[in-house]
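Colleague: Sequence first, predicted coordinates after that:
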Amino acid sequence: MSRTFDYLVCFSVYSLIILIIGKSSFGESDSIGKFFIGERKCGFWRLFSTFVGTWVSAATILGYTGNVFENGTSVIAVTVIPWFIGAGLLYLISGRIYDCDMLTIPQFIGERYHSRFLRTCCALLLSGGYVFYLVIQIKGFGIAAATLLNIDYKVAIFLVYLFILYSTFGGFNSVTKTDGGNLIMLTISIVVVYFVVVGGIEGSGFLTNAEVFSRNAAGSGTDSFGNLMKDYSLTMYLTMFFGWGMGLAANPQYLIRIVAAKSRETARKVLICSLVFLTFFYFCLTQIGLGLRILFPYLSYYFGSDDIFVYAINYLLRSRFSGFFLISVIGACMSTANSQLLLIGSMMSYDVAAQYGKWKKTEDRILGLTQLFIFLGGTLALLLSLNPPSNSLFFGADIWGLFSAILTPLLYGTLYYKRATRTGAWAAFVTGVTGTVLLQPRELPVYWGFPVTLCSTLVFVLVPVLESIWKKRAC
């Protein structure tokens, strides 16, 4: 039996499962409350699987592992540590977020400041950010599917387009069901690949950068290894938190899962258990990346960081289970993509379209618009995926940096700053957008997200003070 036939069987079985889950979920989402957040009845396992599934994306499986292969454990400092600190901040605000009666994050912001236009602008900005982040997921799926089915990348990304659309059209319940299955497959695959890679290195138990250098003679694939942080100052390293870290802490794709929990205690328990699981998960991915560098040190000369993991599984660690491993990569990409596409659809329909016009805004019509915007968002991301970024990990960090700059004051400030005003919120939004446009393309001694987030937050805090002073003088 040929390997291509094995891969095709795996892909066909997976496709059938996705179709069954998607079809079964269509009748369960007959209201916007069910479609957007599962009617706030999500139990521990489903919430855990969708939270972790949304977290573990192509940027993690392909980008993180590939960058560990190229740069060693220094990648942890600019990714995993900020991610975990951001999750800690999510835990701190989980109680207050859960107590808010909302279906979307822009709704929460707009109603707090009695501004329909601010709500709309937030929804448009977040939807745009998610469209660009979807490109990473579609690229990851395309790489895996092209290898799995031996087809062209452009054909492969069209397949993920159909997968994502179908699994998202069923709403939150469809997304969480597929996330559960994808997470189980991915966990099995990563654990097996970990043992295969580490077991293939004689005498290894715990791999480090030093182990890579000692096993690969100088000049044999280690000349650029471990150099990610060589040009970074301590200030640059610390401020990079305002990319992945604060961007995660203010990210609607995680916040809305807190809202969807059946209780506040369930949400907090999921956050803690997710971090425990992810600690183990990143340990395995780090060891895999280091192990591949020892086994195949020259891969980085021929492949980009996002391609290394898939190439190693298919050609260098080939076995009868390689198809299952590649399907797991596809599942990881889809679990993040359908969650973000659901947010695009819900925000564009509920926070943009439903706020304007004289048409009758029934739930059925809003649901129809949601599915339309899911289709449009997915189509736009598909077109952008024809020319994807070369390094998913750092491309994603800049998108999360935008979320940090805009949502840090609008979420954390709104929850904790009692003097917050609509004028201050608008000033923070405009400052965040303007600062991102001006500073993101420039080379700075600090990560660009830090000064922009700092400025938007200061404006958010100071404008109400100046308003109060102005009113007192006017009186």
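Modeller: Yep, it's here.
Colleague: Low-confidence bits of the stretch 251-400 of the chain, can you list those?
Modeller: By pLDDT under 70, the low-scoring segments of the stretch 251-400 of the chain are 318-320.
Colleague: Now do the helices in it.
Modeller: Ranges of helices within the stretch 251-400 of the chain are 252-260, 264-295, 308-311, 322-346, 363-384, 392-407, based on DSSP state H, counting those that start in this stretch.
Colleague: ok, which stretches of the protein are strands?
Modeller: Remark: no strands are assigned in the chain by DSSP state E.
Colleague: now the angle from the top helix by length along it to helix 252-260?
Modeller: Longest helix in the chain by number of residues (criterion: DSSP state H): helix 116-149. If you take axes from the mean of the first three to the mean of the last three CA atoms, to 10 degrees, helix 116-149 sits at 110 degrees to helix 252-260.
Colleague: Check the offset of helix 116-149 from the chain's centre.
Modeller: Relative to its chain's centre, helix 116-149 lies at 9 Å (CA atoms, centre = their mean, to the nearest Å).
Colleague: if I look at the residue nearest to residue 190 when sequence neighbours are not counted, how far off is residue 277?
Modeller: Nearest residue to residue 190, sequence neighbours excluded (CB to CB, 6 or more residues apart in numbering): residue 284, at 5.1 Å. (Glycine included, C-beta is placed from N, CA and C.) Distance, residue 284 to residue 277, by CB to CB, to the nearest Å: 11 Å.
Colleague: So for these two, which residues contact both of them?
Modeller: Shared contacts of residue 284 and residue 277 (CB atoms under 8 Å, 6 or more residues apart in numbering): none.
Colleague: How many neighbouring residues does residue 442 have?
Modeller: Residue 442 is flanked by 7 other residues according to other CB atoms under 10 Å.
Colleague: What residues does it make contact with?
Modeller: Residue 442 touches residue 448, counting by CB under 8 Å, 6+ apart.
Colleague: just to revisit the earlier point, in TSV: the helices of the stretch 251-400 of the chain, plus mean neighbour count.
Modeller: Below are the helices of the stretch 251-400 of the chain laid out as TSV (neighbours: other CB atoms under 10 Å):
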stretch	mean neighbour count
helix 252-260	24
helix 264-295	20
helix 308-311	24
helix 322-346	27
helix 363-384	18
helix 392-407	26
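Colleague: The ones you listed: which one's closest to residue 113?
Modeller: Evaluated with CB to CB, the helices of the stretch 251-400 of the chain place helix 392-407 nearest to residue 113, the distance being 13.9 Å.
Colleague: And the closest one, how far out from the chain middle?
Modeller: With CA atoms, centre = their mean, you get 10 Å for helix 392-407.
Colleague: gap between the residue nearest the centre of the chain and residue 130?
Modeller: In the chain, the centroid-proximal residue (CA atoms, centre = their mean) is residue 55; its distance is 5.3 Å. In this view, residue 55 and residue 130 are 15 Å apart by CB to CB.
Colleague: Equivalent analysis for residue 119, please.
Modeller: 17 Å.
Colleague: Residue 84 now?
Modeller: According to CB to CB, residue 84 stands 22 Å off from residue 130.
Colleague: Who has more neighbours out of the two?
Modeller: The neighbour count for residue 84 versus residue 130, taken as other CB under 10 Å, is higher for residue 130 (24 against 16).
Colleague: right, and that one touches residue 344 too?
Modeller: Yes: applying CB atoms under 8 Å as the test, residue 130 and residue 344 come out as touching, 5.2 Å apart.
Colleague: Now do the shared contacts for those two.
Modeller: When contacts are counted by CB under 8 Å, 6+ apart, residue 130 and residue 344 have residue 377 as shared neighbours.
Colleague: returning to what we had before: list the contacts of the residue nearest to residue 190.
Modeller: Counting by CB under 8 Å, 6+ apart, residue 284 touches 190-191, 193-194.
Colleague: Reformat these as JSON lines; add distance to residue 183 and neighbour count.
Modeller: Listed next are the contacts of residue 284 as JSON lines, based on distance: CB to CB, whole Å; neighbours: other CB atoms under 10 Å:
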{"residue": "190", "distance to residue 183": "11", "neighbour count": "22"}
{"residue": "191", "distance to residue 183": "12", "neighbour count": "13"}
{"residue": "193", "distance to residue 183": "16", "neighbour count": "25"}
{"residue": "194", "distance to residue 183": "16", "neighbour count": "18"}
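Colleague: May I ask which two of those residues are separated the most?
Modeller: With CB to CB as the measure, no two of the contacts of residue 284 lie farther apart than 191 and 193, at 7.5 Å.
Colleague: tally of neighbours for residue 188?
Modeller: For residue 188, the number of neighbouring residues by other CB under 10 Å comes to 14.
Colleague: Revised request: answer the last question for residue 95.
Modeller: When counting by other CB under 10 Å, one arrives at 14 neighbours for residue 95.
Colleague: Equivalent analysis for residue 474, please.
Modeller: Close neighbours of residue 474, defined as other CB under 10 Å, add up to 6.
Colleague: Touching, residue 347 and residue 102? I think so.
Modeller: No: under the criterion of CB under 8 Å, residue 347 makes no contact with residue 102, lying 11.7 Å away.
Colleague: So for those two, which residue has more residues nearby?
Modeller: Taking other CB under 10 Å, residue 347 and residue 102 do not tie; residue 347 has more neighbours (30 against 18).
Colleague: check contacts around the more buried one.
Modeller: Contact analysis of residue 347 by CB under 8 Å, 6+ apart lists 104-106, 123, 126-127.
Colleague: Could you tell me how far the closest residue to it other than its chain neighbours is located from residue 327?
Modeller: Distances taken as CB to CB, 6+ apart put residue 123 closest to residue 347, at 4.0 Å, once the chain neighbours are dropped. Taking CB to CB as the measure, residue 123 falls 34 Å from residue 327.
Colleague: do the same with residue 317
Modeller: 15 Å.
Colleague: Repeat that for residue 282.
Modeller: Separation of residue 282 from residue 327 (CB to CB): 21 Å.
Colleague: follow-up on the earlier one: possible to save the contacts of residue 347 as CSV with neighbour count, pLDDT and distance to residue 33?
Modeller: Formatted as CSV, the contacts of residue 347 follow (neighbours: other CB atoms under 10 Å; pLDDT from 0 to 100; distance: CB to CB, whole Å):
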residue, neighbour count, pLDDT, distance to residue 33
104, 25, 95, 11
105, 28, 95, 16
106, 29, 96, 16
123, 28, 96, 18
126, 26, 95, 20
127, 24, 95, 20
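Colleague: With distance to residue 353 as new columns, can those be given to me in JSON lines?
Modeller: Output for those, formatted as JSON lines (distance: CB to CB, whole Å):
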{"residue": "104", "distance to residue 353": "13"}
{"residue": "105", "distance to residue 353": "17"}
{"residue": "106", "distance to residue 353": "12"}
{"residue": "123", "distance to residue 353": "10"}
{"residue": "126", "distance to residue 353": "15"}
{"residue": "127", "distance to residue 353": "12"}
